[in-house]
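**Q** sharing a sequence plus its predicted fold:
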Amino acid sequence: MEMLIDFPGGMRVDAHFGPFTVPTDQPPGATAPTPFATFLASIGTCAGIYVLGFCQQRGLSTEGIRIIQRMRSNPFTGLVQQIDLEIQVPPTFPEKYRPSLIRSAELCAVKKHFENPPQFAVTTKEVAAA
């Protein structure tokens, strides 16, 4: 997969891939989430995809289900040191599926990349002006 990252003005930095654009911005005057907020949102939404799939495969309603994501930062570094995902279910959700619901959320590809992080290579390349 390849993404094109461009700078449409101000503090905006957008990512383009396939038919999609993910806009990001920085305060003050932000018109989109920050890159880091978008990154954090990818964790909960990825877990949500797996929860949704689990429910759909079993014919379980997702009405009333939601995920609350909480981040705890290290007070010295300011870096996120723990991420908690709380899957909230209505009282009608079958008790027998709750442990499996958790296991499904833990299959999230974003989480798996945290557990086995990729290597990074940052380079520059001169290109002719368009």
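**A** Perfect, thanks for sending it.

**Q** centroid residue for this protein?
**A** The chain has residue 42 as the residue nearest its centroid, 0.6 Å off, counting by CA atoms, centre = their mean.

**Q** which residues touch that residue?
**A** Contacts for residue 42 (CB atoms under 8 Å, 6 or more residues apart in numbering) come out as residue 110. (C-beta placed from N, C-alpha, C; glycine too.)

**Q** tell me which residues in stretch 94-110 are buried?
**A** Neighbour counts over stretch 94-110 (16 or more other CB atoms under 10 Å) mark 101, 104-105, 108, 110 as buried.

**Q** what's the span of that stretch, first residue to last?
**A** 27 Å (CA to CA, to the nearest Å).

**Q** also stretch 86-93?
**A** End-to-end distance of stretch 86-93: 15 Å, with CA to CA as the criterion.

**Q** chain center to that stretch: distance?
**A** 21 Å (CA atoms, centre = their mean, to the nearest Å).

**Q** quick one: buried residues of it?
**A** Under 16+ other CB under 10 Å, the buried positions of stretch 86-93 are 87, 89, 93.

**Q** can you check stretch 41-55 too?
**A** For stretch 41-55, by 16+ other CB under 10 Å, it's 43-44, 46-51, 54-55.

**Q** any chance of JSON lines for the buried residues of stretch 94-110, columns secondary structure, distance to residue 76 and pLDDT?
**A** Output for the buried residues of stretch 94-110, formatted as JSON lines (DSSP: H, G, I helix; E, B strand; the rest coil; distance: CB to CB, whole Å; pLDDT from 0 to 100):
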{"residue": "101", "secondary structure": "helix", "distance to residue 76": "35", "pLDDT": "97"}
{"residue": "104", "secondary structure": "helix", "distance to residue 76": "35", "pLDDT": "97"}
{"residue": "105", "secondary structure": "helix", "distance to residue 76": "30", "pLDDT": "97"}
{"residue": "108", "secondary structure": "coil", "distance to residue 76": "28", "pLDDT": "95"}
{"residue": "110", "secondary structure": "helix", "distance to residue 76": "25", "pLDDT": "94"}
